[in-house]
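# fold the following and give me the result.
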Amino acid sequence: MPSGFDQLIKLQTLSNFVIGKSDGHLIRELKNLSSLRGNFCLSGLENVNGQDAREAKLNEKLGIDGLVLQWGADSENNTRKKEVQERVLDFLRPPKKLEQLIIKNYGGLKFSSWIADSSLKNLSSLKLRNCKNCKSLPSVGRLPLLKDLSITGFDQVQKIGVELFGENQLNPFASLEILSFESLPNWKEWDSCEGYEKVLKLPSLRELSIKTCPQLLGRLPTHLPSLQKLEIHSCTSLVVSISSFPSLCKLSIRGCAELVDDCSSPTNEVSSLQTLSLSNISKFNIPADRTILRFGNWEHFEIHGWEELASLSQHGFSLVGHRFITVRRCPQLQSLEAEEAELQSDKISRVESLKIASCDRLNRLPQVLHELTFLRVMEIYNCRSLVSFPENNLPPNLKKLRIRNCENLEYLVDEKEDNKSMSSILCLLEDLEIQNCRSLMSLSSKGHKNICNQLQLLQIIKCSKLSCLFSNTKFPITLKHLIIEGCPELEYIAQAFEETACLESIAITFSGIKSLPRGLDKLIHLQKISLYSCSNLVSFEGSGLLTTSFRAFVVVNCGNFGALPKCMVSITSLRQLSVSNCSAEMSFPSEGFPANLTSLAISNAPKIYRSLVEWGLNGLTSLQELTIGGGGCSNVVSFLEEGSRVMLPPSLTRIKLFEFENLEFISKGFQDLASLKELVIDKCPKLTSLPEKDMLRSLGCLLIYSCPLLKEECSSDKGREWSKISRIPLVRIDGKIVIPRKSD
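Numbering: from 1, shown residues only. Okay, the predicted model is just below:
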């Protein structure tokens, strides 16, 4: 901080007073700033000595509500420095009305006595962080209004007990509501003084969190009548009993030595529990018949990282009675089955979401699924032993189903012969995604007609053995979006589209599709078709496409696709057309291009390029983006040759020219492009010049890649084209910004 602060005697707000390495004396200038109020931070205290701290007269700043005292995290750790920091803290006693105090990176061996002084009667929040040399904690149990206490990063503390509560303190922590300990690597014992008859411990505590205290032994305090939230993470030596906390609502245990139930009466439930999350528990010591875990009405039930768990019922867990269930990383789990007595409970319908992940031995889903009438979302990931779903009991009201990385899943539903109960299967499913299931052959082993009759979104991704979707049926009329990717064995989707189908988009990538179903001309809602890397696709069947809603057609890397729909010119709604790397024989219908195109991309399509030269683009009065290049352009020396019929529409805002191997000139066809904002030129090795600068006056961005001769001509030192580009706001050549120049 600069000197002269002591003159600002009316200063009220100073959020952070930073003390530099040689500026420790500047803290003295705080002595006259008696009007400071609100939150105040003193940082860089490793640069201050005791006398400087005394002169600051921090205790006279009566308007300060919140105070942060911060030393440097990497300050020297020798004995002298520790003593200096202790003296500095002694003299930084805050005003008595302080409400919040944070001490960070303090390097002393002990805390100042004022921290535990009951005169700080308004202190409600205390956070002590990374005080790595302190071997004990201050006796803050006597602070009458302390509600939030956080202890983090105390490497030397081994025992917490009476010194924290305060000796002979009859009612310690009377107001404490939130208590957290984190990163105390050597903490071994918590003596909660429960043997003292007159001591009532933590009567108001609502939240207790203990994280990353790997050596903490024994058990937690048992008399916490108000505790609602308990978090134990990475405390691998600790024993946790849940029956001691009658008001508990949320329990999260991730790594402890043992979970026990000390309750003497098996009928004494933790009825208030709403969220349960269990992970990495070395020993589970609760009898399965205890109703404390069997019939709790938990909102959220989560188990993950439980290496030995083979079934839920073995420990009294069940799918019933909860709304949101997650089971993850339980490699020995084989069954989620519930017992018959549980199925009769009226709680079974509560489940709304079921997520199962990374349970390698789970080979079947529970038969009770069909009873989960409120289940809307189900996600199953990385369950390699799962082969199929129950034949007749998927949840009747399921809306969304996600299945990923289940490598042995063969069918979504494995139907049996003469099964009359299939009519309701998946009847309300709207969103289905199956991804990375390499054994999947079909959605249904028998191709049942009602398997997906309400589906709106279908995504099938990287299912290498999938050979058919709706082989024995017509396409679902409710489906709006179809996405297929990485299914090389899939040759056909369905026989035909229904006239009343709602399909809006089709996207097929890296698949073995030979043709799309018949009836494309019946899809009145269809807006976009995208086909990528479908080498078996030759053409469309049927009469073509409807002209009312269709807006985008993209076909890329489909080497055998050789014919666009004949009706293309009449599709007045079409805005985007992209054809790239398809059959060399690919040609455009003789009727011409659709008149209302706004984006046209032609790549490696020599016949279409010749059609473009012959017909011109004058009629495309709405065209804004033009991309052209690749095969068919290799002999072009001048783009838009003099006298050519190819005149560019003045509506163009972006042009990309690429892979013109012999292109040397760009002609005057650019002169009427008053709306052109961006020009991209890529892989034109012989190009040496740009259009005249008057033709580029509207240009805002010029991008040039892999054009070595043009790059040289655009050099600011001696390039002949520099004058043409010098006024363009942004110019990049091979990724490097040329304009604006750094000196600008």
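# contacts for the strand ranked longest in the chain?
With secondary structure taken from DSSP state E, the chain has its longest strand at strand 229-241. Applying Cβ atoms under 8 Å, 6 or more residues apart in numbering, the set of residues contacting strand 229-241 from outside is 206-220, 222, 242, 245, 248-262, 280, 282. C-beta: built from backbone N, CA, C; applies to glycine.
# alpha carbons only: can I get that strand in CSV?
This file holds the C-alpha atoms of strand 229-241, laid out as CSV (Å, rounded to 0.1, in the frame of the first residue of the first chain):
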residue,chain,number,x,y,z
LYS,A,229,-26.5,-32.8,8.4
LEU,A,230,-23.6,-35.1,8.9
GLU,A,231,-20.7,-35.4,6.4
ILE,A,232,-17.8,-37.8,6.9
HIS,A,233,-15.3,-37.9,4.0
SER,A,234,-11.9,-39.6,3.9
CYS,A,235,-11.8,-40.5,7.6
THR,A,236,-10.8,-44.1,7.1
SER,A,237,-10.2,-44.9,10.9
LEU,A,238,-13.4,-43.5,12.2
VAL,A,239,-16.5,-45.4,13.4
VAL,A,240,-19.8,-43.7,12.7
SER,A,241,-23.1,-44.5,14.4
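# run me through the strand neighbours of the helix or strand hosting residue 484, direction for each.
Residue 484 is located in strand 481-487, with elements delineated by DSSP states H and E. In its sheet, strand 481-487 lies beside strand 457-461 (parallel), strand 505-511 (parallel), with partners assigned from DSSP bridges.
# show me what whichever helix or strand comes after the longest one packs onto, helices and strands only.
Reading on from strand 505-511 to the C-terminus, the next helix or strand found by DSSP H and E is strand 528-532. Judged by 3 or more Cβ pairs under 8 Å, 6 or more residues apart in numbering; DSSP states H and E, the packing partners of strand 528-532 are strand 505-511, strand 552-556.
# residues in contact with strand 528-532?
Strand 528-532 is contacted from outside by 504-510, 513, 537, 550-558, 561, 576, using Cβ under 8 Å, 6+ apart.
# quick check, residue 694 in a strand?
No: assigned with DSSP: H, G, I helix; E, B strand; the rest coil, residue 694 falls outside any strand and is helix.
# in three-state terms, label residue 712 for me.
Secondary structure for residue 712, judged by three-state DSSP, is helix.
# ok, and the closest non-adjacent residue to it?
Distance criterion Cβ to Cβ, 6 or more residues apart in numbering; nearest residue to residue 712, sequence neighbours excluded, is residue 719 at 6.4 Å.
# so what's that neighbour scoring on pLDDT?
Residue 719 is assigned a predicted lDDT (pLDDT) of 86.
# how near is it to residue 329?
Computed as Cβ to Cβ, to the nearest Å, the residue 719 to residue 329 distance reads 61 Å.
# which residue ranges form the helices in the stretch 201-350 of the chain?
Shown for the stretch 201-350 of the chain, the helices assigned by DSSP state H, counting those that start in this stretch span residues 291-294, 340-343.
# scratch that, the chain is what I was asking about
Ranges of helices within the chain are 50-56, 79-91, 162-165, 291-294, 340-343, 606-615, 708-713, 722-725, based on DSSP state H.
# buried ones in the second one?
Judged by neighbour count using 16 or more other Cβ atoms under 10 Å, the buried positions of helix 79-91 are 81, 82, 84, 85, 86, 87, 88, 89, 90, 91.
# test my guess that the last one contacts residue 49.
No: if you go by Cβ atoms under 8 Å, residue 91 and residue 49 don't touch, sitting 9.6 Å apart.
# what sits up against stretch 42-51?
With Cβ under 8 Å, 6+ apart, stretch 42-51 has contacts from 16-24, 27, 53, 58, 67-72, 75-76, 81, 84-85, 87-88, 90-92, 107.
# quick one: it to chain centroid distance?
Here stretch 42-51 shows a centroid-to-chain-centroid distance of 42 Å under the convention Cα atoms, centre = their mean, to the nearest Å.
# got the end-to-end distance for it?
Using Cα to Cα, to the nearest Å, the end-to-end distance of stretch 42-51 comes to 16 Å.
# ok, now stretch 209-227?
Separation of the first and last residues of stretch 209-227 by Cα to Cα is 11 Å.
# and for stretch 679-690?
Distance between the two ends of stretch 679-690: 11 Å, counting by Cα to Cα.
# ok, and what's touching that stretch?
For stretch 679-690, the surrounding residues in contact (Cβ under 8 Å, 6+ apart) are 629, 654-666, 696, 699, 701-710, 713, 720-721, 724-725.
# again with stretch 206-218
The contact list for stretch 206-218, computed with Cβ under 8 Å, 6+ apart, reads 177-190, 220, 224, 226-239.
# surely residue 440 and residue 467 touch.
No: at 9.5 Å, residue 440 does not count as touching residue 467 under the criterion of Cβ under 8 Å.
# what about these two, which has more around it?
When residue 440 is set against residue 467 and neighbours are counted by other Cβ atoms under 10 Å, the residue ahead is residue 440, at 26 against 16.
# list the residues that contact the closest residue in space to the more buried one that isn't next to it in sequence.
Using Cβ to Cβ, 6+ apart and skipping the chain neighbours, the partner closest in space to residue 440 is residue 463 (4.4 Å). Residue 463 makes contacts with 434, 435, 436, 437, 438, 440, 486, 487, 490, as judged by Cβ under 8 Å, 6+ apart.
# try residue 353
Residues touching residue 353, when contacts are defined by Cβ under 8 Å, 6+ apart, comprise 323, 324, 325, 375, 376, 377, 378.
# beta-bridge partners for it, please?
Beta-bridge partners recorded for residue 353 (DSSP bridges): residue 324, residue 377.
# and the gap between residue 79 and residue 111?
Following Cβ to Cβ, the distance that separates residue 79 from residue 111 is 17 Å.
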